[in-house]
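Novice: next comes the sequence, and after it the predicted model I'd like to discuss.
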Amino acid sequence: MTNALTKTTNQRHIAVLRILAGAPLLAFGVMHITGALPMKPLVQAAGLPMPDITAMVTPPMMILAGILLVIGAFARIGAVIAIGTMLGAVMTHIKIPSDGWPIPVEGAPHANPYIPMMVMAIAIILFSAYVIFKGAGPWSIDGKCCCQAPSDNA
């Protein structure tokens, strides 16, 4: 019997969408944890609730979602986590004015250089939603476990 969380289709293109959604989550989660891109100033500037807890919990959740999506293990769970974290990212991009970013960017004093980041967050949300509906695909751990026909030896 197949688990509803790991059940998937045999459509191979899903691997591309999973990786396009998971790899940036993994990369930005690591950057937030290592301090290369501090999360707390962003959360505070956006006025999100509980900035200390949000800044502490979000990066590990991004990493977890990224890993689950990239390898395709429990990809639906990873996609739900990804959507949650990226909704926070979109909200942050909407709430911080273009000249109010706490992390300076060279060469763009008056423009919001993070517009491409918001587009990426929206793309991650859309790709993750697709994974929720279709599953991880055959080129995934979920696909290895759940795409195969039942054997006669069972």
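Specialist: Looks like it came in fine.
Novice: C-alpha only now, for contacts and for neighbours.
Specialist: Fine.
Novice: just want the most central residue of this protein.
Specialist: residue 82 (3.4 Å; C-alpha atoms, centre = their mean).
Novice: ok, the residue lying closest to that one once chain neighbours are set aside to residue 45 distance?
Specialist: Sequence neighbours aside, residue 65 is the residue nearest to residue 82 in space, at 5.5 Å (criterion: C-alpha to C-alpha, 6 or more residues apart in numbering). Distance, residue 65 to residue 45, using C-alpha to C-alpha, to the nearest Å: 25 Å.
Novice: residue 100 too?
Specialist: According to C-alpha to C-alpha, residue 100 and residue 45 sit 8 Å apart.
Novice: how about the secondary structure of the residue nearest to residue 14 when sequence neighbours are not counted?
Specialist: Closest residue in space to residue 14, ignoring its immediate chain neighbours: residue 137 at 5.6 Å, by C-alpha to C-alpha, 6+ apart. Three-state call for residue 137 (DSSP: H, G, I helix; E, B strand; the rest coil): coil.
Novice: so what touches the helix or strand of the chain with the lowest mean pLDDT?
Specialist: Least confident helix or strand, the chain: helix 141-146 with a mean of 76, by mean pLDDT, DSSP states H and E. Residues from elsewhere that reach helix 141-146, judged by C-alpha atoms under 8 Å, 6 or more residues apart in numbering: 2-3, 6-10, 71-75, 135-138.
Novice: can I have it written out in CSV, keeping just the CAs?
Specialist: Extracted C-alpha coordinates of helix 141-146, given in CSV (Å, rounded to 0.1, in the frame of the first residue of the first chain):
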residue,chain,number,x,y,z
ILE,A,141,13.5,8.7,-3.2
ASP,A,142,9.7,8.9,-3.1
GLY,A,143,9.6,7.6,-6.7
LYS,A,144,12.0,4.7,-6.0
CYS,A,145,9.8,3.6,-3.1
CYS,A,146,6.3,4.3,-4.6
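Novice: chain center to it, what's the gap?
Specialist: Here helix 141-146 shows a centroid-to-chain-centroid distance of 21 Å under the convention C-alpha atoms, centre = their mean, to the nearest Å.
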